[in-house]
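Undergrad: Dropping the sequence and predicted coords here.
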Amino acid sequence: MTYKEFTRQLGKAGLSVTEFSELVGMNRNSISNYAQRPDVPSHLAIIATLMGEMAEKEIDFRGVIEGIDVKPKKARGSTPSGAQPCNGKDN
């Protein structure tokens, strides 16, 4: 799915990219960066399409998703809590 189609599906759902990112626990920039690629990942395409279809059929997807304990994804390159970054040397 192209980014343009992805955002069209979000529009059907009444969502902006920012609102979508908050619902699914992702960084907004991580999602908007897909505009520079040929396609968005299939899992995001599926979620956006389901949200668009549910909204079209007047099914409340927000309540369902907000009821899930979604843990925000950690930024790439971040270290786990309490871990020391690797300096390339044996400790």
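TA: Sure, I can see it. Fair warning: this is a prediction, and the values are worked out from it, not measured in the lab. Residues are numbered from 1 along each chain as shown.

Undergrad: can you list the weak-confidence ranges in this protein?
TA: Within the chain, the stretches with pLDDT under 70 are 73, 75-91.

Undergrad: mind checking the longest helix of it?
TA: Scanning the chain for the longest helix, with DSSP state H as the assignment, gives helix 42-56.

Undergrad: So residue 70 versus residue 25, what's the distance?
TA: To residue 25, residue 70 is 4 Å away according to Cβ to Cβ, to the nearest Å. All C-beta atoms are positioned from the backbone trio N, CA, C, and that covers glycine.

Undergrad: How about residue 16?
TA: Residue 16 is 16 Å from residue 25, by Cβ to Cβ.

Undergrad: Let me see the ranges of the helices in the chain.
TA: Using DSSP H, helices in the chain cover 3-12, 17-24, 28-32, 42-56, 61-66.

Undergrad: Any chance of these in a markdown table with mean neighbour count and distance to residue 74 as columns?
TA: Converted to a markdown table, the helices of the chain look like this (neighbours: other Cβ atoms under 10 Å; distance: least, Cβ to Cβ, whole Å):
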| stretch | mean neighbour count | distance to residue 74 |
| --- | --- | --- |
| helix 3-12 | 18 | 23 |
| helix 17-24 | 17 | 14 |
| helix 28-32 | 15 | 11 |
| helix 42-56 | 17 | 17 |
| helix 61-66 | 13 | 20 |
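
Undergrad: dump the residue contacts of residue 61.
TA: Residue 61 is in contact with 13, 50, 51, 54, 55, counting by Cβ atoms under 8 Å, 6 or more residues apart in numbering.
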